Each structure stands twice: as C-alpha cells, then as structure tokens.
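Novice: Compute the structure for the input listed below.
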Amino acid sequence: MFLAMGLAVLLALAVAGLVHHQLAKVSERKPTGGTQKIVVAAESLPLGTRLDAKNVRMVDWPETAPITGMFGQAEDCIGRAVVRAMVENEPILESNLAPAGSGSGLPAGIPEGMRAISVAVNDVIEVAGFVQPGTVVDVLATGAIEGQGQASGSVTRMVLEGVRVLAAGQKTEPDKQGVAQTVPVITLLVTPEQANVLVMASAQGRIQLALRNAVDRRIVNPPAVEQTRLFQGGSPAPAVGTFHTGKAAPPPLYSIEVIRGNKKEVVSFPNP
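Specialist: I've put the predicted structure just below:
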C-alpha cells in the first residue's frame, strides 16, 4: 500500500515538472515577426493642426500589420496639417493630412473641390446651439414667389440636404460634454453649386437649419410648402414622385337631346 502511494507521489511530481517546463518554454517564446517604427499623434489634434516635433512621436508597430499611408519617419509629415480631428496615439496617415504647402487651420481642412461658407445665425436658426462642428444639417429657405407679394406668396423649400458643419463661430471642435453653444456664425462645407444656392437663399429670403443624424445620408427632397396652401385651406402639395402638370381640369360638358322627326340625338356643348 505504501509502495503504491509512493509511486503515485513520484508520478505526480514528474507530471508537475513536465508541465512547469512546457510553460516556461512558452513564456520565453518570442512573437513571430519583427516591428517597425511609425509616426503617431503625441496628443489630441484638432482639425487644421500643423504637425511638428512636439505633437508627433514614433512607436513600434508589427511588421505583419502595415497600414496604408502610414509614415516611417516624422520628417515626412511634419509641416502638414490634419484634415480631421485625431486622438492621441492614432497613426498619422497620408489620407489624414492636407497637401504639402496648403497651410494650416480651417483652410487646410477643406477637401479639394469643396468650399467653406459662413452664414449669420441666431439661437433659433442654429437649433438652440446644438449645431456644432461635425454635425450635419439641412438648410430650409423661405422667400416670396416671383410676381406675388411677400405676405401672400411666401414659400418654404429645403434647398440643401446633408451639409456638414465645419465650424461654429471660430471653433472647429464640438464641445466634449455636448453642451449647446450659441454663436453668431456657422460655417458649412458645400460644393460650389451649393454655395450659390446658400448665398441666394440668405440674400433673398430667410434660412433655417434642421439638425439631422450624422449617419443619415438619405436625400428626401420634400415638396415645397406655399403659404396659401398652408393657411388658406388650399389643396396639399403634391407628394414626391407624383406627376403634376399644373393644368386645370376641363369643365364638364352640357348635353341636350335634339329631336328631328323620328330621330333623336344628344348634342354636347361647353358648360358656360
């Protein structure tokens, strides 16, 4: 009996030693593949920040997980501005930087082919201060129909949809706590064609911003609303996608029965 117990203890010690040896080998095993140095943000970088030796740094990065557009030397990206806000330790990529020589600040954050245009707002137009940098808005314009008086011929139309806000006042970053901030001017990112529409709407009528979810990219194109239809009980505006000619329906015909001898016929005339 004592012999069996001794053998069991020896066997347990042997197994424990084997397991300890295997674990030690695993812990000493080095990861496969080497590392390389890449450039990352040393701190949070607001839109338009020009990169310098103080706000970037080098870190080790696995060679087996390269990122398209990453930089291996800080000198290759220093002096260029970021076109979107970045967080600390985020890799600096070519797609996140403005072209060399394009300056810094807000102009560097404007993509090629786009324009930044500012409009005067109040706390109502800017949706009680919740229109902040990075949010997305629609622009509605109210003005007079040509040939009619302002009081009797006003119309409201959604002239722009899905426009991104670049700046609120002089701030290009939203409040981190999401607190509403009232500012006198909002700067929007638009195409040249949209810039024309926005300037005309601001000059000839009144504009209103409608805040929307930033991930909602649907173009709704709702029908315009005329003042007479809204307040005088007129027919509702045609639904989107329907065909509306704008022509009035012809008046009903006036019919009479004419008897000639033993013949009868019905003759129709326009109803006066």
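
Novice: I'd like the average pLDDT over stretch 127-138.
Specialist: Along stretch 127-138, the predicted local confidence has a mean pLDDT of 88.

Novice: thought Val190 was touching Leu198?
Specialist: Yes. In this structure, Val190 is within contact of Leu198 by C-beta atoms under 8 Å, at 6.3 Å. All C-beta atoms are positioned from the backbone trio N, CA, C, and that covers glycine.

Novice: what do these two both touch?
Specialist: By C-beta atoms under 8 Å, 6 or more residues apart in numbering, Val190 and Leu198 have these common neighbours: 117, 160.

Novice: and the longest strand along the chain, which residues are buried?
Specialist: When the chain is parsed with DSSP state E, its longest strand is strand 154-168. Buried residues in strand 154-168, counting neighbours by 16 or more other C-beta atoms under 10 Å, are found at 154-161, 163, 165-168.

Novice: next one: stretch 189-209
Specialist: By neighbour count on 16+ other C-beta under 10 Å, the buried set for stretch 189-209 is 189-190, 194-195, 198, 201, 205, 207-209.

Novice: Just the ones of these in helices?
Specialist: Using DSSP state H, 194-195, 198, 201 are the members of the buried residues of stretch 189-209 that sit in helices.

Novice: Rebuild the buried residues of stretch 189-209 as CSV, extending it with distance to Val139.
Specialist: Listed next are the buried residues of stretch 189-209 as CSV, based on distance: C-beta to C-beta, whole Å:
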residue, distance to Val139
Leu189, 12
Val190, 9
Gln194, 9
Ala195, 11
Leu198, 6
Ala201, 7
Gly205, 11
Ile207, 6
Gln208, 8
Leu209, 6
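
Novice: so which two of those residues are the farthest from each other?
Specialist: Comparing all pairs in the buried residues of stretch 189-209 by C-beta to C-beta, the longest separation belongs to Leu189 and Gly205, at 21.9 Å.

Novice: my read is Arg229 is in a helix, agree?
Specialist: Yes. Assigned with DSSP: H, G, I helix; E, B strand; the rest coil, Arg229 falls within a helix.

Novice: Count the neighbours of it for me.
Specialist: 14 (other C-beta atoms under 10 Å).

Novice: okay, it: pLDDT?
Specialist: Reading off the per-residue confidence, Arg229 sits at a pLDDT of 76.

Novice: The one 4 residues further on now?
Specialist: Turning to Gly233, the model gives it a pLDDT of 62.

Novice: again, but for Val56
Specialist: At Val56, the model reports a pLDDT of 94.

Novice: can you give me the strands in the chain?
Specialist: Using DSSP E, the strands of the chain run over 35-41, 56-62, 115-120, 136-144, 154-168, 185-190, 206-212, 225-226, 253-260, 263-270.

Novice: tell me which strands and helices the first one is in contact with?
Specialist: Read it as strand 35-41. Identification of packing neighbours for strand 35-41 by 3 or more C-beta pairs under 8 Å, 6 or more residues apart in numbering; DSSP states H and E yields strand 56-62.

Novice: How far does the strand it packs on sit from its chain's centre?
Specialist: Offset of strand 56-62 from its chain centre (C-alpha atoms, centre = their mean, to the nearest Å): 31 Å.

Novice: residues making contact with that strand?
Specialist: For strand 56-62, the external contacting residues (C-beta under 8 Å, 6+ apart) are 33, 35-42, 67, 70, 74, 77-78, 89, 91-92.

Novice: what about this protein, any weak spots by pLDDT?
Specialist: Low-confidence regions of the chain, defined here as pLDDT under 70, cover residues 1-33, 146-152, 232-272.

Novice: Tell me how it divides into domains.
Specialist: Listed domain ranges for the chain are 33-109, 115-229 (source: automatic domain parsing).

Novice: Verify the contact between Asp52 and Arg80 for me.
Specialist: No. With contact defined as C-beta under 8 Å, Asp52 and Arg80 do not form a contacting pair (10.2 Å).

Novice: More neighbours: which of those two?
Specialist: Legend: neighbour count by other C-beta under 10 Å for Asp52 and Arg80, higher for Arg80 (22 against 11).
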